[in-house]
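> prediction below, plus the sequence it came from.
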Amino acid sequence: PATPHSDVALHRSTVSMPWRTNPNQILKILVVTAVYLESVVATLPTGSLSRNKEVPTTCNTGGRHRGSRVMTLSLPTNIRRRRTQSTSMLLRAPATKASSPFSFNNLFSSFLAPSSSNIDVESLKDSIRRAAKGTQNGVQASKEKRLQIAEIVRELEIANPTRRLTSSSVLDGEWKLLFTTNDGSSAGKFGPFVGDVAQNIDLEKEEYLNIVSLGNGIFKGTLSATWDNLSSSTWKVKFKNIRLELLGFSLQEKELKAVGTWRMTYLDDDFRILYAMGGKNQEQENIYILTK
């Protein structure tokens, strides 16, 4: 039977709840309350949320939200103060990124997301290597194979161990292309041939070389570029020139003025994942997976 302290009034509707004996019911009510509050937030004017601004939604026990309907929570006296304080802090949490809209659904989904500590990173990387084998850098990958790799990548990205992907010293050195959804020259494709693709990054010089070689280096194409660091995960890449060589002799060298955007999502000692958009491909991001 309900007790005087187990009634929760939402929009003048009373739900009797045995707080002390059934914690699952408490969680259900919190989820329902969050969904309701999100609908209130959705009616507010849209705009960027600053890291230093709080979401203008509060939950006050026995109080009112300005400009919205009354929401009253009647709690047992021995937990009222503690729950009021923690709930208010939860609903007033500042948005973490200006580009990410506030969402209570995202908030609750984060509790259900897999913990990075429970992810077998090496197993996932091995799965990607096996799936990419025989696809010629991804050029010959079927749609099903691309979807399979994309699914594994999403899980691996959760376990990214590097905070500043665009400036970490781990970037330095030579990386070899394992897989991409780009089926052009960036994948090492020249006519009917697909070569090996390597990328040399020099953080000190702020320069990288993208090298495509065919026939064990008989033919080589080298693309040089620099970058602007836009954020901890994004580069604005500025291509400088491309040079073509045959048996070590220069065939052609051409200056470039194209730019692109690299969005990095994973980096460790021997594995990188990034998404690039630019050049002729301005509408769609392509994934690039590189290894050491």
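Arrived safely, thanks for sending.

> what about the residue lying closest to residue 214 once chain neighbours are set aside, how many neighbours?
Computed as C-beta to C-beta, 6 or more residues apart in numbering, the closest residue to residue 214 that is not its neighbour in sequence is residue 195, at 4.0 Å. All C-beta atoms are positioned from the backbone trio N, CA, C, and that covers glycine. Other residues near residue 195 number 24, with proximity taken as other C-beta atoms under 10 Å.

> the one 4 residues further on too?
Applying other C-beta under 10 Å, we find 19 residues neighbouring residue 199.

> which residues of the stretch 101-250 of the chain fall in strands?
For the stretch 101-250 of the chain, strands defined by DSSP state E, counting those that start in this stretch occupy the ranges 173-180, 189-190, 193-194, 196-202, 207-214, 219-229, 234-246, 249-255.

> list the contacts of the third one.
What it means is strand 193-194. By C-beta atoms under 8 Å, 6 or more residues apart in numbering, the residues outside strand 193-194 that reach it are 136, 137, 139, 140, 187, 188, 214.

> now the first one: how far from residue 196?
Meaning residue 136. The spacing between residue 136 and residue 196, counted by C-beta to C-beta, to the nearest Å, is 10 Å.

> give the residues shared as contacts by these two.
Between them, residue 136 and residue 196 share the contacting residues residue 188, judged by C-beta under 8 Å, 6+ apart.

> what residues of stretch 214-223 count as buried?
For stretch 214-223, the neighbour count (16 or more other C-beta atoms under 10 Å) marks 214, 219, 220, 221, 222, 223 as buried.

> nearest to residue 276 among those?
Closest approach to residue 276 among the buried residues of stretch 214-223 (C-beta to C-beta): residue 223, at 12.5 Å.

> any regions of the stretch 151-292 of the chain where pLDDT drops low?
Residue ranges of the stretch 151-292 of the chain with pLDDT under 70: 278-283.

> grab the nearest non-local neighbour of residue 231.
For residue 231, ignoring the flanking residues on the chain, the nearest one in space by C-beta to C-beta, 6+ apart is residue 166 at 7.1 Å.

> list the contacts of the one you found.
Residue 166 sits next to 229, 230, 231, 232, 233, 234, 235, 264 when contact means C-beta under 8 Å, 6+ apart.

> picking that back up, rebuild the strands of the stretch 101-250 of the chain as a markdown table, extending it with distance to residue 118.
Formatted as a markdown table, the strands of the stretch 101-250 of the chain follow (distance: least, C-beta to C-beta, whole Å):
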| stretch | distance to residue 118 |
| --- | --- |
| strand 173-180 | 25 |
| strand 189-190 | 38 |
| strand 193-194 | 37 |
| strand 196-202 | 31 |
| strand 207-214 | 34 |
| strand 219-229 | 32 |
| strand 234-246 | 28 |
| strand 249-255 | 49 |
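
> out of those strands, which comes closest to residue 291?
strand 173-180 (5.1 Å).
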